[in-house]
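Asker: Mind looking at a prediction? Sequence and model below.
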Amino acid sequence: MKSKLFVPGSRPELFPKALASAADAISFDLEDAVAPDAKPRARGELQTLFASGAPRASGKTIIVRVNAYDTPWFADDLRAIVRTGVDLINLPKPDSAAQVRDVARAIARAEQEHGLTQPIRLLLNIETPKSLRIAHELAAADERVAGLQLGLADLFEPIGIAREDSVFVRHAMFAVRVAAAEAGVFAFDSSFADIADVEGFNAEARFSRDLGYIGKSCIHPSQIALANAVFRPTDEQIAHALKVVEAARDAQQRSVGAYVVDGKMIDPPFVARAEAIVAAARGLGLLPADSSARMGGTTTTNPELTP
């Protein structure tokens, strides 16, 4: 899920274009992009869309951002969009682990009512000071939580923090990424509002990629290609990861405890990262499923560190 495109639920004329785009995921929005008086109509448009089967046929990850739990629209949102074809419900401004569990139970009831057998998971927005402080508690609250999504505009603007200052942005990114890692869920990056600032988007995306975020939100179709390019593993990364995976396999077979690949000492954290890169490359079709990891001649063991 390198790229995720936001689409207002009240704009059905945009649905086909979004589903045909190069975005890995589409996030249909019932929250900020939809005016209060348009929310019932937006729910109906999404129900019609899901009934058509087009979202599932697109092969994309389908997300719906509902309104926050404590709003008058949340319950109606949930009843309307717990349908076949939805992979993730994006919950804005979660306030506590108990609230996340309440939402998870409400989803389960709606799934049972509609006869759904594939559980819909939760993507939690970290976009308030409190949610940032308790991000790990939120991420670990329920097994339905698949990931945390950073929301920098909602986090910064109300309290006067400059969204343009990379120091503040990077601090928030790091905090959310570590919380997600502790809970064993993914982290997804925030949107970037200045559509014309390509270099700004790329710089922020590269930093989040280097932190281990899996992708970035897009508010305009022009940002999709940028996100896809940044979060795609490079050929060099893939080649090195293949070497590491093969070296780890050989070392395990020979009971070798430490070894060097391309001049770097390798231990379990590096192997886990390499395996993730190889899995991502295969998922993107950059490697065949049965591709050999043997790249030849660059793996050595360190006799001083061999048990």
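Answerer: All right, it came through fine.
Asker: quick one, strands of the stretch 201-307 of the chain?
Answerer: Taking DSSP state E, counting those that start in this stretch to define them, one finds strands in the stretch 201-307 of the chain at 216-218, 259-261, 264-266, 299-301.
Asker: Okay, and the residue nearest the centre of the chain sits in which element?
Answerer: In the chain, the centroid-proximal residue (C-alpha atoms, centre = their mean) is F188; its distance is 3.8 Å. Per DSSP states H and E, F188 falls inside strand 186-188.
Asker: what lines up beside that strand in the sheet?
Answerer: If you go by DSSP bridges, strand 186-188 pairs up with strand 145-150 (parallel).
Asker: can I see the domain layout of this protein?
Answerer: 3-231, 235-301 (automatic domain parsing).
Asker: circling back to that earlier point, the residue nearest to the centre of the chain - nearest residue in space that isn't next to it in sequence?
Answerer: Spatial nearest neighbour of F188, chain neighbours left out: Q149 (4.4 Å); criterion: C-beta to C-beta, 6 or more residues apart in numbering. Backbone N, C-alpha and C define where each C-beta goes, glycine included.
Asker: correct me, but the one you found touches S217?
Answerer: Yes: the pair Q149 and S217 qualifies as a contact (C-beta atoms under 8 Å) at a distance of 7.3 Å.
Asker: hey, what's in contact with both of the two?
Answerer: With contacts defined as C-beta atoms under 8 Å, 6 or more residues apart in numbering, the residues shared by Q149 and S217 are 188-190.
Asker: Tell me the one of those nearest V86?
Answerer: Distances from V86 to these, taken as C-beta to C-beta, are shortest for F188 (16.7 Å).
Asker: still on that earlier bit, name the stretch among the domains of the chain that sits most buried.
Answerer: Among the domains of the chain, domain 3-231 has the highest mean neighbour count (mean count of other C-beta atoms under 10 Å), at a mean of 19.
Asker: Please report the distance of T128 from S217.
Answerer: 17 Å (C-beta to C-beta, to the nearest Å).
Asker: Apologies, that question was intended for D210.
Answerer: For D210, the distance to S217 equals 17 Å [C-beta to C-beta].
Asker: next one: R133
Answerer: Distance, R133 to S217, using C-beta to C-beta: 22 Å.
Asker: Also T71?
Answerer: T71 is 21 Å from S217, by C-beta to C-beta.
Asker: A227 too?
Answerer: On the measure of C-beta to C-beta, A227 and S217 end up 8 Å apart.
Asker: Ok, K39 next?
Answerer: 21 Å.
Asker: Could you report the separation of the closest residue to E157 other than its chain neighbours from A68?
Answerer: In this structure, E157 finds its nearest non-sequential neighbour in R163, 6.8 Å apart by C-beta to C-beta, 6+ apart. Distance from R163 to A68, counting by C-beta to C-beta: 21 Å.
Asker: And for S255?
Answerer: 54 Å.
Asker: again, but for G215
Answerer: 23 Å.
Asker: and the residue nearest to F188, what is it in contact with?
Answerer: Contacts of Q149 (C-beta under 8 Å, 6+ apart): 90, 123-126, 187-190, 217.
Asker: Likewise for I134?
Answerer: Contacts of I134 (C-beta under 8 Å, 6+ apart): 96-97.
Asker: Check A141 too.
Answerer: Per C-beta under 8 Å, 6+ apart, neighbours of A141: 97-98, 100-101, 104.
Asker: For S131, see how far away it is.
Answerer: From A141 to S131 the distance is 12 Å (C-beta to C-beta).
Asker: Check I277 and give its pLDDT.
Answerer: I277 carries a pLDDT value of 78.
Asker: same question, N302
Answerer: 36.
Asker: quick one, what contacts the closest residue to A205 other than its chain neighbours?
Answerer: Sequence neighbours aside, V230 is the residue nearest to A205 in space, at 4.2 Å (criterion: C-beta to C-beta, 6+ apart). By C-beta under 8 Å, 6+ apart, the contact list for V230 reads 2, 202, 205-206, 209, 216.
Asker: If we use 6 Å, what do you get?
Answerer: For V230, the contacting residues are 205-206, 209, by C-beta atoms under 6 Å, 6 or more residues apart in numbering.
Asker: possible to save those residues as TSV with distance to A179 and pLDDT?
Answerer: Compiled in TSV, these are given as follows (distance: C-beta to C-beta, whole Å; pLDDT from 0 to 100):
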residue	distance to A179	pLDDT
A205	20	96
R206	21	95
R209	18	93
